[in-house]
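A.B. asks: Pasting the sequence and the predicted model now:
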Amino acid sequence: MAAVIQREAAVARPRDVAVPVAQFANPAPLGLLGYGMSTVLLSLANANVYALGTMVLAMAVLFGGVAQLVVATMAFRRNDTFGVTAFGGYAFLWLTFAFLLIGQQHNWWPVANSGTAMGWYLFMWAVFSLGLCVASFAAPRFLTWVLALTVILLALLAVANWTNNTSITQIAGWEGILTGASAVYLAFAFVLNEMFGRTTLPVGGPLMHPSTSA
């Protein structure tokens, strides 16, 4: 996705929309919306705006999980290793998260998930996000911002589970709202910049440029 997003970050060249374009559409905005909107809704529950209920779980399964999995498949067709890893990984984050909660609510498991276990689960996803964050240095810097916020969010939630501290969970909720909103902004920045053929919403240049040496 780094190469794809880098192209999207540049000012799009004018195009004749009446002429068919022989290429696949960029799936990244849909994936970012699936991630961002699901994160905002879950984070509102963590911030105690409302209770965690079926609305959040349905969003996690269908838009956070299934939609991002479709986007990862599309990224594979575009030879986009970063996109496959990022959207595929976060799709399974949402799917496993929903599966854990739904299974626990229906007593599918002989032993309920402990705070320690959930903390390590979230910590491993923070490590996953950190790797993506470093890789995104070659992409528009706003993507790096989104991934850095994701690392912080997952780390906060891990600590909250380890310590059973509801105050940290609430802080993570508000930080998660910022994280999800940033992903939504990035998604619409790519869409609007492509549609209008110019930089309507800035996303910033990469922090590092890939090496061109053999």
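C.D. replies: Done, it's in.

A.B. asks: Could you point out the helix or strand that follows whichever strand or helix holds Val127?
C.D. replies: Using DSSP states H and E, Val127 sits within helix 115-135. Downstream of helix 115-135, the first helix or strand assigned by DSSP H and E is helix 141-163.

A.B. asks: Phi and psi next, for the residue nearest the centre of the chain.
C.D. replies: By Cα atoms, centre = their mean, the chain has its centre lying nearest to Tyr35, at 4.0 Å. When read as degrees, to the nearest 10, the backbone of Tyr35 gives phi -70, psi -50.

A.B. asks: all strands of the protein, in order?
C.D. replies: For the chain, no strands are identified by DSSP state E.

A.B. asks: and Gly36, how far is that from Met118?
C.D. replies: Using Cβ to Cβ, to the nearest Å, Gly36 is found at 23 Å from Met118. C-beta: built from backbone N, CA, C; applies to glycine.

A.B. asks: Settle it for me: which of these two has more neighbours?
C.D. replies: Gly36 (23 against 18; other Cβ atoms under 10 Å).

A.B. asks: per-residue confidence for that one?
C.D. replies: Note for Gly36: predicted pLDDT of 98.

A.B. asks: show me the contacts for the residue lying closest to it once chain neighbours are set aside.
C.D. replies: With sequence-adjacent residues excluded and distances taken as Cβ to Cβ, 6 or more residues apart in numbering, Gly36 is closest to Ala183, at 3.0 Å. For Ala183, the contacting residues are Leu32, Leu33, Tyr35, Gly36, Thr39, Val146, by Cβ atoms under 8 Å, 6 or more residues apart in numbering.

A.B. asks: Which positions in stretch 50-67 come out as buried?
C.D. replies: Within stretch 50-67, the residues scored as buried using 16 or more other Cβ atoms under 10 Å are Val56, Leu57, Met59, Ala60, Val61, Phe63, Gly64, Gly65, Ala67.
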